[in-house]
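1. Requesting a structural model of the entry that follows:
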Amino acid sequence: MDLLSRGGVFMIPIAVFSIMAVAVFFERLWTLRRRKVLPYEDLLEVEALIHRREFAEARTLCQQNKSPLAQVVLAGVQYRVAPRPIIQEKMVGKGKASAIDLRKGIGLLQTIASVSPLLGLLGTVGGMIKVFDAISMGGVGDPGSLATGISEALITTAAGLCVAIPAFLGQRYLSNRAARFIHGLEDYAGHLLDLITGHVPEESEEEK
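-> Residues are numbered from 1 along each chain as shown. As a prediction, the model looks like this:
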């Protein structure tokens, strides 16, 4: 509380940003769990049902599983009688919607990481203006008091950086994690698309 009072009004939005960054990071960390996004183990039975062409049962299992992976597979199963390009389009559309959900909130962390240092700098500039106003009115006076005023003006810059650096690192970590999950969705969707349409990729010369 002492730092908040000494740093001035700009410490309030910086403090709010710090709370928001912590809340967003842990909420995204809880959401971006492999077991929740890419539950491959849960879809082994779905894959077996599709392989046996038991699409009604496969659709029921996908509807019961709310993971992004299951919803992408569900889109393919629901349009299984359509031409392959239509099935692919539906699965890609569902995958893009899932990707948006996975990245939700990460942009806010990036904004916090960008704006917090600027708020800190603005607070410092405001504090320095007050210091120089005091000098112009009463002279240098007590050097100790002047140094105290300058140190207080720099508090907001330090606070802004203390919020921005963890927010930036958290944003990069979550962004990379979401990207890996999205890549996993794409790979599995391609595999299931081949399985749904009965398309078996030709063997390469090395495999032969």
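2. Next up, the contacts around the residue sitting nearest the centre point of the chain.
-> Centroid-nearest residue in the chain: residue 106, 3.0 Å away (criterion: C-alpha atoms, centre = their mean). Contacts of residue 106 were listed using C-beta atoms under 8 Å, 6 or more residues apart in numbering, and they are 28, 171, 174-175, 178. Backbone N, C-alpha and C define where each C-beta goes, glycine included.
3. Residue 40: which of these is nearest?
-> Nearest to residue 40, judged by C-beta to C-beta, of the contacts of residue 106 is residue 178 at 17.5 Å.
4. Return the distance of whichever strand or helix holds that closest one from the chain's centre.
-> Element membership of residue 178, judged by DSSP states H and E, is helix 143-197. Mean-position distance between helix 143-197 and its chain equals 8 Å (C-alpha atoms, centre = their mean, to the nearest Å).
5. Which strands or helices does that helix pack on?
-> On a contact count with 3 or more C-beta pairs under 8 Å, 6 or more residues apart in numbering; DSSP states H and E, helix 143-197 meets helix 2-7, helix 11-31, helix 34-37, helix 44-51, helix 68-78, helix 84-103, helix 106-138.
6. As JSON lines, those helices with distance to residue 194 and mean pLDDT would be great.
-> Shown next, in JSON lines, are the helices and strands packed on helix 143-197 (distance: least, C-beta to C-beta, whole Å; pLDDT from 0 to 100):
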{"stretch": "helix 2-7", "distance to residue 194": "59", "mean pLDDT": "59"}
{"stretch": "helix 11-31", "distance to residue 194": "29", "mean pLDDT": "93"}
{"stretch": "helix 34-37", "distance to residue 194": "22", "mean pLDDT": "89"}
{"stretch": "helix 44-51", "distance to residue 194": "10", "mean pLDDT": "88"}
{"stretch": "helix 68-78", "distance to residue 194": "10", "mean pLDDT": "90"}
{"stretch": "helix 84-103", "distance to residue 194": "9", "mean pLDDT": "91"}
{"stretch": "helix 106-138", "distance to residue 194": "31", "mean pLDDT": "83"}
